[in-house]
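Novice: A structural model of the following input is requested.
(chains A and B)
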Amino acid sequence: MSATAVHSLWTTAADPIDKIDAPKIEYGQLAPTLIVIGAAVLGVLIEAFVPRKFRYYAQLFVSVVALAAAFAAVVALAAGDYGTTKARIAAMGAIAVDGPALFLQGTILLTGLVAIFTFAERRLDPVAHGNRVDSFVAQAGAVPGSAGEQAATKAGFTTTEVFPLALFAIGGMLVFPAANDLLTLFIALEVFSLPLYLLCALARRKRLMSQEAAVKYFLLGAFASAFTLFGIALIYGYAGSVSYGTVAKVVDGTITSVDPALAGTMGNDALLLIGAAMIVMGLLFKVGAVPFHMWTPDVYQGAPTPVTGFMAAATKVAAFGALLRLLYVVLPGLRWDWRPVMIGVAVVTMLGGAIVAITQTDIKRLLAYSSIAHAGFILAGVIATTEEGISSVLFYLAAYSFVTIGAFAVVTLVRDAGGEATHLSKWAGLGRRSPLVAAVFAVFLLAFAGIPLTSGFSGKFAVFKAAADGGAGALVVVGVISSAIAAFFYIRVIVLMFFSEPKADGPTVAVPSPLTMTAIGVGVAVTLVLGVAPQYFLDLAGQAGVFVR
Amino acid sequence: MNTENLIALLVAAPLLGAVVLLCGGRRLDRVGHWIGTLLSALSFVIGLVLFTDMLGKGAEDRSLHQHLFSWIPVEGFQADVAFQLDQLSMTFVLLISGVGTLIHLYSIGYMEHDERRRRFFGYLNLFLAAMLLLVLADNYLLLYVGWEGVGLASYLLIGFWQHKPSAATAAKKAFLVNRVGDMGLSIAIMLMFTTFGTFAFGPVLEASEGTSEGKLTAIGLMLLLAACGKSAQVPLQSWLGDAMEGPTPVSALIHAATMVTAGVYLIVRSGAIFNGAPDAQLAVTVVGAVTLLFGAIVGCAKDDIKKALAGSTMSQIGYMILAAGLGPIGYVFAIMHLVTHGFFKAGLFLGAGSVMHGMNDEVDMRKYGGLRKYMPVTFVTFGLGYLAIIGFPGLSGFFSKDKIIEAAFAKGGTEGWILGSVALLGAAITAYYMTRVMLLTFFGEERWRHRATASPEQPSAEPAAETRGQHSEPHPHESPRSMTIPMILLAVGSVFAGGFFSIGDRFTHWLEPVTHHDHGDSPLSAATVTGATMVVLVVGVTLAWFQYGRRPVPAVAPRGSLLTRAARRDLLQDDFNHVVLVRGGEHLTRSLVYVDHTLVDGVVNGTAASVGGLSGRLRKLQNGYARSYAVSMFGGAAVLIVATLLMRAV
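Specialist: Presented below is the predicted three-dimensional model:
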């Protein structure tokens, strides 16, 4: 090429092309998510550049500050009426900023903050080679039981990557319930799922079990994601759009014009129904509803307990948020199709979780089945299809997530030589040896069982009332029966702790650092406050109960 | 200052005393009894202030209200803590706090050597507070609070000497029997709520005029059951005799000022309900008449001075219930007899306590005798109380009891004749057994002197007396002044109260705005009734004189007739309860247990077993293989999709 020609490339004006508008991004309104994702990226940089011995402190600092700042941003948005009068759809229609989104984001951030405290706990395991260790493996890449693993332990390595991983997961969870188009929904789903798969594999003890759990979770999660994605494709075929608002308008017939490219499929109800069912199925997998729950016990048991607590609490909040938005914003026109199906799912979920929990002998698996049963209770609120249903679900999620994190935090305390003593027989007589810990756990169990004066009662009352008012009285009857069945195994653990003779070789209760104590303390406080004086928070959830469309 | 604001203080003063004394700890041991007495007296003084204020108003403006706070403010269910002070409540307030204060004063001396005296005064104050709450409440729900408070305080006080198994048992018995009555009150309140939609006296009593007789009868009978429990009326009378296990001032308090009068108050207060339910009224009069005779007969046979007086109380309350059952003819006299009875019965009990105090806590009257020389003050005051209760002309009991007998005749018809005759018969028996008590205690030989040489101890009718009695010869002596002064004051009341009330029908006019009054239509003239009463009085006294005054009294009770033996056993009330209620209850519970085990547990355990079995089977689905989990998900997804499509197709 000649010099002139080259020069002309520089000087000659190109043919004028259509101007591309830069996408308009409301950074302020997206601040909570951006802060968390930014901090996660910063965490990756810390892993790369900060010397190993400072990483733990740097990561902990960044995570806590980021989550607190993000929560402050949520509060600021809510105070600025973004939850009510100024609710809007930001980022070119991708993200909704409204009451439910802000309420759930606030819940996720607080839950995440408490979870980070349990992640950072380093006093429970005995000191190994002069180094304090946490619940996570020294070096994730080392083969379990190999010389490499021993060397890593000896060198005092710790997997501080868990902090940025958790932050990425939280970032995805923040977007998930706020996603306002199907693609954003899917991306958020993957963004929070992938770090969770990894986190599940990182247990310090029982590593094979942990890795098995991670693989199962990943395989089944990918399977479910495939369904979701295919469902999204079908919906696009039906509506010619992935935006929630547009799909909703096509569903209720406000938009009738047909995109010529999709003339063969648009308006085909079979696509809509199958697509909707598949997307819903993906979300039901995440909340752990029967029959998509099979991963739950295995993964809850295998994952490091702090991760289990985080996952059980935060994933449920995010996934139910997304499910609510999907059913209430995109598919209200399809209510009479999905309601009976969801009622069926709720019934088998409540009964299935409660019944199978009865014969569990491992406390983590027990709590896993309990979480399945609770998913069923929350579904009862979702099915109400009223504003009251939304706010009752929001309240239930907030109440449930703190109980869950607190309960799993207590599980990390009860230990024997092999790490956490999760077999129920080892919990016998715990109340005699460590009355305080046992009493705290009893409070959490009573909250799970829905005994009055705990948050569990307020939440259950709210969702059942919403369901009954919404015309699903039969569901409430099943819910109450399941609660009665569930109460059996919760109370059985309490009886075991307080009325059985302690075993001679029973576990000891480790004295945690203030981090775990804070987590448990917050759990107890929220449980009791929401149980004794729930009105303020019910009002808050009530105000937040309107989706922007 | 508005006087109605003082009403709450009436209750608050003794309540404060109870709280301070029961929570104050040992630091208050030395002054506790004075705190209790002063706060009780304060309540009485406030009562007097309100009373003088009330006298200054017209008859129709005398009812005061004080609304303290809403206890349960729910739409359609309004439970208020509010007080009502009208003439009826005022009468009770003065009686309760006045007599109560005297009993407090008396207890200072009586309980001097008890190391738990502070606690005793705390309970006494609690008793007063509960009773005042009961009579001041302006609705049935708050009345129920006081009602239960009285039950609690009586339990604590009857069982005050809890180291004695008999006291602990007696307290439990009183509590349990009272529960039966309480059940009646709670059912009555629930019926009121479903019928009238409120508990407040005003609306309930106003609305009851237009309500069907059936509902009113049901409420009335339940109220009667409640009254039977608290006032120890047949068939719930059995606790009263055993309640003598409590310290004597407690007996005085229970019998004179608080507790047993609650039933009479309840019926008189609910007059409007009973007026509309003649059947319930008839039941009330029957209960009153039966108890009147029952108590009197029991009183004749007892050798334990306190138990004889307890029988007498039952009988006198029977008079009041009888009068209350007569309707507007009798309400005023029921209350009037209640007040005069409050004076003389408190006096008699305190006198009995004084005798026991001087006789090493001996209660068997057969081991008394000739005590008038040694206890002149007790003798005189007790004697005046005695004359009052038998209705000696001019003394309190004469006026009030005579009116009740007249009113019973005025009921009219056969009923009137029967009730009037029963009341007359009761008066004769009263004269008999009270004369007996008087003669055995204060006259005749000094039987306590020969105790040491008496034949070897034989099992006496009252085994408790054996354990309580000291084996050294007692040295009867007059009680300290803190005990005699209340007795003197009460004696004054016993003598003059009736006359004061009756001159110019003062008491009738005073209560009329609340209870209304009706003269009835007596087939006999007032003079005839009074004459008849005098005759039976003389007959009773003479009979007793022949039996106990002329002949020496054996130290050990003779075997006696069948009736006597039955009466000694409280007319077999406990045997009846045991056979019918205890045995019957045992059979009932046993059969219920059987049904529970086989049927209920069968269903429950069956359900549990099948849930557990289901759980075990479902658990096997969780086999740990990711592939079967995926199959489950796939199947679930298929079902979900098909179901969604089917919903559209259907």
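Novice: Run through the bridge partners of whichever residue of the stretch 1-150 of chain B sits closest to chain A.
Specialist: Distance from chain A to each residue of the stretch 1-150 of chain B (Cβ to the nearest Cβ) is smallest for B:Val74, at 15.2 Å. Where C-beta positions appear, they are placed from N, C-alpha and C, glycine not excepted. Bridge pairing for B:Val74 (DSSP bridges) gives the partners B:Phe77.
Novice: Tell me how many other residues crowd it.
Specialist: Look at B:Val74: counted by other Cβ atoms under 10 Å in any protein chain shown, it has 8 neighbours.
Novice: what's the answer for A:Gly253, then?
Specialist: Around A:Gly253 there are 9 other residues, counting by other Cβ under 10 Å.
Novice: What is the burial count for A:Gln360?
Specialist: Other residues lying near A:Gln360 total 21 when counted by other Cβ under 10 Å.
Novice: Can you say which helix or strand has A:Arg415 in it?
Specialist: Following DSSP states H and E, one finds A:Arg415 within strand A:414-416.
Novice: what's the model's confidence in that strand, averaged?
Specialist: Regarding strand A:414-416, the rounded mean pLDDT is 89.
Novice: helix or strand right after that strand?
Specialist: Downstream of strand A:414-416 (by DSSP H and E), the next one is strand A:419-420.
Novice: Show me what that following strand is packed against.
Specialist: With contacts defined as 3 or more Cβ pairs under 8 Å, 6 or more residues apart in numbering or on different chains; DSSP states H and E, strand A:419-420 has no helix or strand neighbours.
Novice: ok, the closest residue to B:Pro328 other than its chain neighbours - contacts?
Specialist: Ranked by Cβ to Cβ, 6 or more residues apart in numbering or on different chains and with sequence neighbours excluded, the top spatial neighbour of B:Pro328 is B:Asp518, at 3.9 Å. Contacts for B:Asp518 (Cβ atoms under 8 Å, 6 or more residues apart in numbering or on different chains) come out as B:Gly327, B:Pro328, B:Ile329.
Novice: who touches stretch B:413-426?
Specialist: With Cβ under 8 Å, 6+ apart as the test, stretch B:413-426 has contacts from B:282, B:285, B:289, B:292-293, B:296, B:315, B:318-319, B:322, B:326, B:404-405, B:408-411, B:522-524, B:529, B:532-533, B:536.
Novice: So which bits of that stretch are buried?
Specialist: By neighbour count with 16 or more other Cβ atoms under 10 Å in any protein chain shown, stretch B:413-426 contains the buried residues B:Gly416, B:Leu419, B:Gly420, B:Val422, B:Ala423, B:Leu424, B:Leu425, B:Gly426.
Novice: Can I get it in CSV, CA atoms only?
Specialist: Once non-C-alpha atoms are left out, stretch B:413-426 reads as follows in CSV (Å, rounded to 0.1, in the frame of the first residue of the first chain):
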residue,chain,number,x,y,z
GLY,B,413,-97.4,-18.9,97.4
THR,B,414,-96.2,-22.3,98.5
GLU,B,415,-92.6,-21.3,97.9
GLY,B,416,-93.0,-18.5,100.3
TRP,B,417,-94.3,-20.7,103.0
ILE,B,418,-91.6,-23.3,102.5
LEU,B,419,-88.8,-20.8,102.4
GLY,B,420,-90.1,-18.9,105.3
SER,B,421,-90.4,-22.0,107.4
VAL,B,422,-86.9,-23.1,106.5
ALA,B,423,-85.6,-19.7,107.5
LEU,B,424,-87.4,-19.9,110.8
LEU,B,425,-86.2,-23.4,111.4
GLY,B,426,-82.7,-22.1,110.7
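Novice: circling back: quick one: which of the buried residues of stretch B:413-426 is nearest to chain A?
Specialist: For those, the nearest to chain A is B:Leu419 (53.3 Å; Cβ to the nearest Cβ).
Novice: quick one on the thing from earlier: is it possible to mark the buried ones in the contacts of stretch B:413-426?
Specialist: Among the contacts of stretch B:413-426, those buried by neighbour count (16+ other Cβ under 10 Å) are B:285, B:289, B:292-293, B:296, B:315, B:318-319, B:322, B:326, B:404-405, B:408-411, B:522, B:524, B:529, B:532-533, B:536.
Novice: Which element, helix or strand, includes the residue lying closest to B:Val380 once chain neighbours are set aside?
Specialist: Using Cβ to Cβ, 6+ apart and skipping residues adjacent in sequence, the residue nearest B:Val380 is B:Ala491, 7.2 Å away. Using DSSP H and E, B:Ala491 maps to helix B:481-502.
Novice: ok now that helix, how far from the chain's centre?
Specialist: 22 Å (Cα atoms, centre = their mean, to the nearest Å).
Novice: ok, the buried residues of stretch B:413-426 vs B:Gly32, which is closest?
Specialist: Ranked by distance to B:Gly32 (Cβ to Cβ), those are led by B:Gly426 at 41.6 Å.
Novice: Report pLDDT for the closest one.
Specialist: Model confidence at B:Gly426, given as pLDDT, is 91.
Novice: tell me the SS of it?
Specialist: helix (DSSP: H, G, I helix; E, B strand; the rest coil).
Novice: what about the chain, any weak spots by pLDDT?
Specialist: The chain I'm using is chain A. Within chain A, the ranges that satisfy pLDDT under 70 run A:1-16.
Novice: my bad, the chain I had in mind was chain B
Specialist: Residues of chain B meeting the criterion pLDDT under 70: B:1-2, B:450-472, B:555, B:571.
Novice: which other helices and strands contact the biggest helix by length in it?
Specialist: Determined from DSSP state H, the single longest helix within chain B is helix B:165-196. Identification of packing neighbours for helix B:165-196 by 3+ Cβ pairs under 8 Å, 6+ apart yields helix B:140-158, helix B:201-207, helix B:213-231, helix B:238-242.
Novice: Now do it: distance to the chain's middle.
Specialist: 11 Å.
Novice: Let me see the contact set for residue 486.
Specialist: Answering for chain A, as no chain was given. A:Gly353, A:Ala354, A:Ala357, A:Ser370, A:Ala373, A:Phe448, A:Ala449.
Novice: wait, I meant chain B there
Specialist: Contacts of B:Pro486 (Cβ under 8 Å, 6+ apart): B:Leu102, B:Ile103, B:Leu105, B:Tyr106, B:Leu350.
Novice: Which strand or helix spans the last one?
Specialist: Using DSSP H and E, B:Leu350 falls within helix B:331-358.
Novice: before we move on, the earlier item: of all the helices and strands packed on helix B:165-196, which lies closest to chain A?
Specialist: Of the helices and strands packed on helix B:165-196, nearest to chain A by Cβ to the nearest Cβ is helix B:140-158, at 23.1 Å.
Novice: Measure how that closest one sits relative to helix B:213-231, angle-wise.
Specialist: 20 degrees (axes from the mean of the first three to the mean of the last three Cα atoms, to 10 degrees).
Novice: Find the residue at the geometric middle of the chain.
Specialist: If you meant another chain, say so; for now it's chain A. Compute the mean C-alpha point of chain A, and by Cα atoms, centre = their mean the closest residue is A:Thr315, 1.2 Å away.
Novice: wait, I meant chain B there
Specialist: Centroid-nearest residue in chain B: B:Val260, 2.1 Å away (criterion: Cα atoms, centre = their mean).
Novice: I figured it was touching B:Trp239, is that so?
Specialist: No - shown here, B:Val260 and B:Trp239 do not form a contact pair, counting by Cβ atoms under 8 Å, at 10.4 Å.
Novice: Now for those two: what residues contact both?
Specialist: By Cβ under 8 Å, 6+ apart, B:Val260 and B:Trp239 have these common neighbours: B:Ala232.
Novice: show me what contacts B:Ser107?
Specialist: With Cβ under 8 Å, 6+ apart, B:Ser107 has these contacts: B:His33, B:Phe120, B:Phe121, B:Leu124, B:Pro247, B:Pro249.
Novice: Which members of those residues are the farthest-apart pair?
Specialist: Spanning the widest gap among these are B:His33 and B:Pro247, at 13.1 Å by Cβ to Cβ.
Novice: For the stretch 351-500 of chain A, what lies in contact range of chain B?
Specialist: Applying Cβ under 8 Å from any Cβ of the partner chain, we find that the stretch 351-500 of chain A lies next to chain B at A:Gly352, A:Ile355, A:Val356, A:Ala357, A:Ile358, A:Thr359, A:Gln360, A:Ile485, A:Phe488.
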